[in-house]
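Chemist: structure for this input, please:
(one chain, ligands or ions: 1)
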Amino acid sequence: MLTMGLDIGSTACKCIILEDGKNILGRAVVSSGAGTVGAQKVYDEALAMHSLKREDLGRLMVTGYGRFSFETADNQKSELSCHAKGIAFLMPTVRTIIDIGGQDAKALRLNAKGMLDSFVMNDKCAAGTGKFLEVMAGRLNVQTEELGDWDAKATEEASISSTCTVFAESEVISKLSMNVNLANLVAGIHRSVAKRVAVLAYRNGIVKDVAMSGGVALNKGVVRALGEELKTEILVHADCQLAGALGAALFAWEELCKQA
Ligand code: ADP
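Modeler: Model prediction:
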């Protein structure tokens, strides 16, 4: 029996097709956030990949910022619960999750059963989110996906003192004009994100194991800097960006089992 989890984020839409509540059959990511276009696209792509139709899905659960706008879904669930569920499935030893998405950052604590215990979030300010990194990458004329590789080439970190995105952007422009090394600048930008997110994480308390989820977890430079700030190893699963969609598919499976 198949279930689908659809995570309609602010920046990207993610989809997981799950078989019998345990095997990931399909995954799709579309870089287009809330609104029906990205959601419909990722949903269509995931179904087409396995020549499936809506009737083949036992249940469809939707989560994320845009979860109230997808009418094909059977039910919806908060992204906090879904991220917790997805990461607990992928990495059962994890007790702390740092989820950095396109426009917000969250720190979540899980209990020993993998259920959400507490969380804190920043959804008021772009600093410490994927948006900040996208703005900086644009200024540096590199792809957001390349930031991790640039970070690995840094010999030292160029310090970015402003926490505000707008002021930090001016600082980056000024450093570029002074010919500061690009890799060192990228490493400094990652440090700035890590410092910001570490405040959030410490406020919620750090219990090992610690993992990152969300699209920004794919940036090895942010993972490095955050690990240094939190003085702990940070686990990252290859499906980190799809954790919310996976959690939704798992909740869909649980609801299906209850109905049977
Ligand atoms: P949301 O759920 O808020 O839409 P996601 O968790 O999907 O956000 O993360 C989107 C963010 O992840 C974007 O800011 C994007 O730039 C970043 N991102 C996605 N893929 C990569 C990658 N390969 N390397 C670095 N950053 C990435």
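Chemist: enumerate the residues of the stretch 1-150 of the chain near the ligand.
Modeler: 9-12, 33, 64, 101-103, 130, 134, 144-145 (Cβ under 6 Å from any ligand atom). Using the backbone N, CA and C atoms, a C-beta is placed for each residue, glycine as well.
Chemist: out of these, which end up buried?
Modeler: Of the members of those, the ones counted as buried by neighbours, 16 or more other Cβ atoms under 10 Å, are G9, S10, T11, A12, G33, G64, G101, G102, Q103, G130, E134, T144.
Chemist: for G215, see how far away the fourth one is.
Modeler: The reference is to A12. Distance, A12 to G215, by Cβ to Cβ, to the nearest Å: 6 Å.
Chemist: return every residue with contacts to both of these two.
Modeler: Common contact partners of A12 and G215 (Cβ atoms under 8 Å, 6 or more residues apart in numbering): G102, Q241.
Chemist: thought R67 was touching Q76?
Modeler: Yes. In this structure R67 lies within contact range of Q76 using Cβ atoms under 8 Å: 4.4 Å.
Chemist: find the closest residue to the ligand in the stretch 151-260 of the chain.
Modeler: G215 (2.2 Å; Cβ to the nearest ligand atom).
Chemist: next, count neighbours for that residue.
Modeler: For G215, the count of nearby residues is 23 (other Cβ atoms under 10 Å).
Chemist: how near is the residue nearest to it when sequence neighbours are not counted to K14?
Modeler: Leaving out its chain neighbours, the residue that sits closest to G215 by Cβ to Cβ, 6 or more residues apart in numbering is Q241, at 4.5 Å. Going from Q241 to K14 by Cβ to Cβ gives 6 Å.
Chemist: likewise for S32?
Modeler: 11 Å.
Chemist: more crowded one of the two?
Modeler: Counted by other Cβ under 10 Å, S32 and K14 do not tie: K14 has more neighbours, with 28 against 16.
Chemist: circling back: quick check: the farthest pair among the buried ones among the residues of the stretch 1-150 of the chain next to the ligand?
Modeler: Using Cβ to Cβ, the pair of these lying farthest apart is G64 and T144, separated by 19.5 Å.
Chemist: which stretches of the stretch 1-150 of the chain form helices?
Modeler: When assigned using DSSP state H, counting those that start in this stretch, the helices of the stretch 1-150 of the chain occupy the ranges 36-49, 79-90, 130-140, 147-152.
Chemist: can you redo those as a markdown table with mean pLDDT?
Modeler: Putting the helices of the stretch 1-150 of the chain into a markdown table (pLDDT from 0 to 100) gives the following:
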| stretch | mean pLDDT |
| --- | --- |
| helix 36-49 | 92 |
| helix 79-90 | 97 |
| helix 130-140 | 94 |
| helix 147-152 | 98 |
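Chemist: quick one, which of those is packed in tightest?
Modeler: helix 79-90 (a mean of 24; mean count of other Cβ atoms under 10 Å).
Chemist: what packs against it?
Modeler: Other helices and strands packing on helix 79-90, by 3 or more Cβ pairs under 8 Å, 6 or more residues apart in numbering; DSSP states H and E, are strand 2-8, strand 57-63, strand 96-100, strand 105-110, strand 116-122, strand 210-213, helix 243-259.
Chemist: what residues of the helix or strand of the chain with the lowest mean pLDDT count as buried?
Modeler: Across the helices and strands of the chain, the lowest-confidence element by mean pLDDT, DSSP states H and E is helix 165-177, at a mean of 89. Going by neighbour count (16+ other Cβ under 10 Å), the buried part of helix 165-177 is T165, A168, E169, E171, V172, K175.
Chemist: just send the helices of the stretch 1-150 of the chain back as CSV, with distance to W253 too.
Modeler: Output for the helices of the stretch 1-150 of the chain, formatted as CSV (distance: least, Cβ to Cβ, whole Å):
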stretch, distance to W253
helix 36-49, 16
helix 79-90, 10
helix 130-140, 29
helix 147-152, 33
